[in-house]
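Q: Next input, structure requested:
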Amino acid sequence: MTDGAMLDDALDLLACPHCAGALSRSGGSVTCANGHAFDVARSGYLSLLPGDAKTGSADTAEMVAAREAFLGAGHFEPLAEALAEEAVRALGDRAERPGLPPGCMIDLGAGTGWYLARALDRLPGRIGLALDLSKHALRRAVRAHPRIAAVACDAWRPLPVRDSVADLVLSVFAPRNGPEIARVLRPGGALLVTTPTERHLVELIERLGLLTVDERKRERLATALDAHFELERRRDREWPLELTPGDVANAVAMGPSARHATRAETGTAATPVTASVTISTYRAGPG
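A: Below you'll find the model as predicted:
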């Protein structure tokens, strides 16, 4: 399947960001009945950003390249596997409900689509929507899996997604827009949120003076989501890493601390590092 080939199948899940109307494709553009038009990039992703969108906070090409290299080296493989397992558990028998086709999977702040692709491997037949602000990330996400459609949008604005189309939403170290996630999820659908614990990459934080994890992160997560979802369960996952100097440089360059440390500061020897995250599973109401 060529890059972006899943986009046509995913259009029924999407909505115009201006009027929420249905979308249809004509060649290299997508339009709604009210005449709003959006470009399909040559790489295959669709931009549904309104004209006044601010993209200054989007991941740069350098950040995305560092993330792809770090993830490709397998350092977060335990997290990808844990998320895929939790997705299968959370969905249960939802794919087998008579008369109702499987809902899609949405990765909000999907980056390169690496985690979404791993979950799709375990859940055949579902479409994955990779939503991100960064065009550099989406160029890679569209190639991450044959069942991914990649869409540029702002997670903090109304999502260009139709109501109640998703059975599962992923948020991996990404923004969480509670009302919009609740809107796009089907009744009983699941939201999987991955957040770092205070021990995540602590060795690099201490050595390089990187940004620290907010001590009130769990409280802020509850504030953002408890009004819209019921917390089903939380699981902590921790594993050791042995990072080369190149791995350390990529770990710094791919995240919010990219401007707080230089590649020269990352040292010359292999570094033992702790990866530590919490996976929270939330459930949408029955409708």
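
Q: CA only for contacts and neighbour counts going forward, please
A: Will do.

Q: and the closest residue to residue 174 other than its chain neighbours, how many neighbours?
A: Nearest-residue entry for residue 174: residue 109, 5.3 Å, with adjacent residues in sequence omitted and distances by Cα to Cα, 6 or more residues apart in numbering. Counted by other Cα atoms under 10 Å, the residues lying close to residue 109 total 25.

Q: The one 5 residues further on now?
A: The local packing count at residue 114 equals 21, with neighbours defined by other Cα under 10 Å.

Q: distance of the nearest residue to it once chain neighbours are set aside from residue 113?
A: Excluding the flanking residues, the one nearest residue 114 by Cα to Cα, 6+ apart is residue 144, at 6.5 Å. Remark: distance between residue 144 and residue 113 (Cα to Cα, to the nearest Å) = 6 Å.

Q: So between these two, which is more surrounded?
A: More crowded of residue 144 and residue 113, by other Cα under 10 Å: residue 113, with 29 against 21.

Q: Not counting its neighbours along the chain, what's nearest that one?
A: Per Cα to Cα, 6+ apart, closest to residue 113 is residue 141, 4.4 Å.

Q: Quick check: phi and psi on that neighbour?
A: Phi and psi for residue 141, reported as degrees, to the nearest 10, are phi -60, psi -40.

Q: Could you verify my assumption that it touches residue 152?
A: No: taking contacts as Cα atoms under 8 Å, residue 141 lies outside contact range of residue 152: 10.9 Å.

Q: out of those two, which sits in the busier spot?
A: residue 141 (30 against 21).

Q: residues in contact with the residue nearest the centre of the chain?
A: In the chain, the C-alpha nearest the mean C-alpha coordinate belongs to residue 110, at 2.5 Å (Cα atoms, centre = their mean). Residues near residue 110 by Cα atoms under 8 Å, 6 or more residues apart in numbering: 116, 130, 131, 132, 141, 171, 172, 174.

Q: helix, strand or coil for the second one?
A: Put plainly, it is residue 130. Taking DSSP: H, G, I helix; E, B strand; the rest coil as the rule, one finds residue 130 in the strand state.

Q: Setting the sequence-adjacent residues aside, check what's closest to it.
A: residue 150 (4.7 Å).

Q: cool, and the fourth one?
A: Leaving out its chain neighbours, the residue that sits closest to residue 132 by Cα to Cα, 6+ apart is residue 109, at 4.7 Å.

Q: Point me to the helix or strand that includes residue 106.
A: If you go by DSSP states H and E, residue 106 is part of strand 104-108.
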